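Participant: Sequence first, then the predicted structure:
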Amino acid sequence: MTEVHVVGIAIDSSGQRVILLKPKEAEPGEGKIMPIWIGEQEATSILVAVEGVHMPRPLAHDLLRSVIDVLGSRVDRVEITSIDNGTFYAVVYLEGADGEHVVDARPSDAIALASRTGAPMHVADAVLEEAGIEDTVTSRPDESGEPGEVDEEERLEEFRSFLDTVNPEDFGE
């Protein structure tokens, strides 16, 4: 398993939301980014959590976090465990007074929950290998360790071009 973090959410040419995950230890501009197509509501929920936006009323994932808390449990970690015909599968590991519980989940829901609880997110190495793409989105640091000079528009255009030509089915067997 490889620990990952959310590097962003994009919109492909058909208007679908794509969450972008990257290994935590990978340097910007290096390694792989794993795109997962998700629903609009899940994308909003993840962005709210990642950006730290306070909502006047709880979203579904906030409610789930509150229920887990009230039951005296915590989210230990989430894992994206497999991919089958372009569909990703995930599990949420809950730790409570009576031990560990493993709950089947959609990756988007697992990520939204982990983003709210600070739980680590992992992707099976085989899934990252199969579904990951080379990182052309994040900027590489220069010699001093500062973010390098990157033509932001060129980088975004390159990624838009990728999103225009890729389909979720491309990640199937």
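Facilitator: All right, it came through fine.

Participant: Hmm, Arg106 is touching Thr87, no?
Facilitator: No. The criterion here is CB atoms under 8 Å, and Arg106 misses it with Thr87 at 9.3 Å. All C-beta spots, glycine's among them, are computed from the backbone N, C-alpha and C.

Participant: More neighbours: these two, which one.
Facilitator: Arg106 (17 against 14; other CB atoms under 10 Å).

Participant: Quickly find the element holding Thr44.
Facilitator: Taking DSSP states H and E as the criterion, Thr44 maps to helix 40-51.

Participant: Please tell me the pLDDT value assigned to the spatially closest residue to Asp62 that is not a sequence neighbour.
Facilitator: If you skip the residues right next to it in sequence, Asp62 has Arg116 as its closest partner in space, 6.6 Å away by CB to CB, 6 or more residues apart in numbering. Arg116 is assigned a predicted lDDT (pLDDT) of 91.

Participant: quick check, Arg116 in a strand?
Facilitator: No. Residue state for Arg116 (DSSP: H, G, I helix; E, B strand; the rest coil) corresponds to helix; a strand is not indicated.

Participant: Just want the angle from the helix or strand where Leu21 lies to helix 40-51.
Facilitator: For Leu21, the host element (DSSP H and E) is strand 17-23. Strand 17-23 runs at 40 degrees relative to helix 40-51, counting by axes from the mean of the first three to the mean of the last three CA atoms, to 10 degrees.

Participant: Just give me how far strand 17-23 sits from the chain centre.
Facilitator: Its chain's C-alpha centre and that of strand 17-23 lie 4 Å apart, by CA atoms, centre = their mean, to the nearest Å.

Participant: just to revisit the earlier point, let's see the helix holding Thr44 as CSV, backbone CA atoms only.
Facilitator: Written as CSV, here are the backbone C-alpha positions of helix 40-51 (Å, rounded to 0.1, in the frame of the first residue of the first chain):
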residue,chain,number,x,y,z
GLU,A,40,-20.4,16.2,-8.4
GLN,A,41,-21.7,15.9,-4.8
GLU,A,42,-18.7,13.8,-3.7
ALA,A,43,-16.3,16.3,-5.4
THR,A,44,-18.0,19.2,-3.5
SER,A,45,-17.8,17.2,-0.2
ILE,A,46,-14.1,16.5,-0.7
LEU,A,47,-13.2,20.0,-1.7
VAL,A,48,-15.1,21.4,1.4
ALA,A,49,-13.1,19.1,3.6
VAL,A,50,-9.7,19.7,1.9
GLU,A,51,-10.2,23.5,1.8
